[in-house]
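Chemist: Sequence and computational prediction follow.
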Amino acid sequence: MLENLKAKAKKLKKQIAIVYLAYMHKDVKWYKKAFLLLILVYAVSPIDLIPDFIPVLGLLDDIILIPLGIIVAIKIIPKSIWEECKLKAENGTIINRRYKRIGAVLIALIWLIALILVARLF
């Protein structure tokens, strides 16, 4: 079972690299790039939408949201571009650290807005 999880994690990591390469591809439309950027920053962000210390839910967001985003990315990106990016990812791709910071800021802003809305209710 542990080997199965490791294989799935490795596949997911490769798919995130493919999403990054698709985002960088010049033939992908801007609105598709915007969605790919959301997937990318969430996947590499050190801060989660639902913190991991919350039982079950903390891990479910990573287990559900990232693969779901990748499934949608596969559907919206032309097959030829996806395959081209997949071949490039086989050679190894390092995702720019800038996206980790963007993801952290984005998730922190979501939490800040949520806290402000809750504070206004009370």
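Modeler: Perfect, thanks for sending it.

Chemist: CA atoms for contacts and neighbours, from now on please.
Modeler: Fine.

Chemist: Can you name the element that comes right after the host helix or strand of Lys13?
Modeler: Per DSSP states H and E: Lys13 is located in helix 2-24. Once helix 2-24 ends, the next helix or strand along the chain (criterion: DSSP H and E) is helix 30-44.

Chemist: Identify the residues contacting that following helix?
Modeler: Residues outside helix 30-44 that contact it (Cα atoms under 8 Å, 6 or more residues apart in numbering): 16, 19-20, 22-23, 48, 62, 66, 69-70, 73, 76-77, 99-100, 102-104, 107.

Chemist: Can you list which of those residues are found in strands?
Modeler: Per DSSP state E, strands hold no members of the contacts of helix 30-44.

Chemist: If any of those residues are buried, give me the ChimeraX selection for them.
Modeler: Buried residues among the contacts of helix 30-44 (16 or more other Cα atoms under 10 Å), as a ChimeraX selection:
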select :16,19,20,22,23,48,62,66,69,70,73,77,99,100,102,103,104,107
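
Chemist: coming back round to it: mind listing what's buried in the helix holding Lys13?
Modeler: Under 16+ other Cα under 10 Å, the buried positions of helix 2-24 are Leu12, Lys14, Gln15, Ile16, Ala17, Ile18, Val19, Tyr20, Leu21, Ala22, Tyr23.

Chemist: pLDDT below threshold where in the chain?
Modeler: 1-2, 5, 92-97, 99 (pLDDT under 70).

Chemist: let's go with 50 and repeat that
Modeler: Counting by pLDDT under 50, the chain contains no low-confidence range.

Chemist: Would you mark the buried spots in stretch 37-55?
Modeler: For stretch 37-55, by 16+ other Cα under 10 Å, it's Leu37, Ile39, Leu40, Val41, Tyr42, Ala43, Val44, Ser45, Ile47, Asp48, Leu49.
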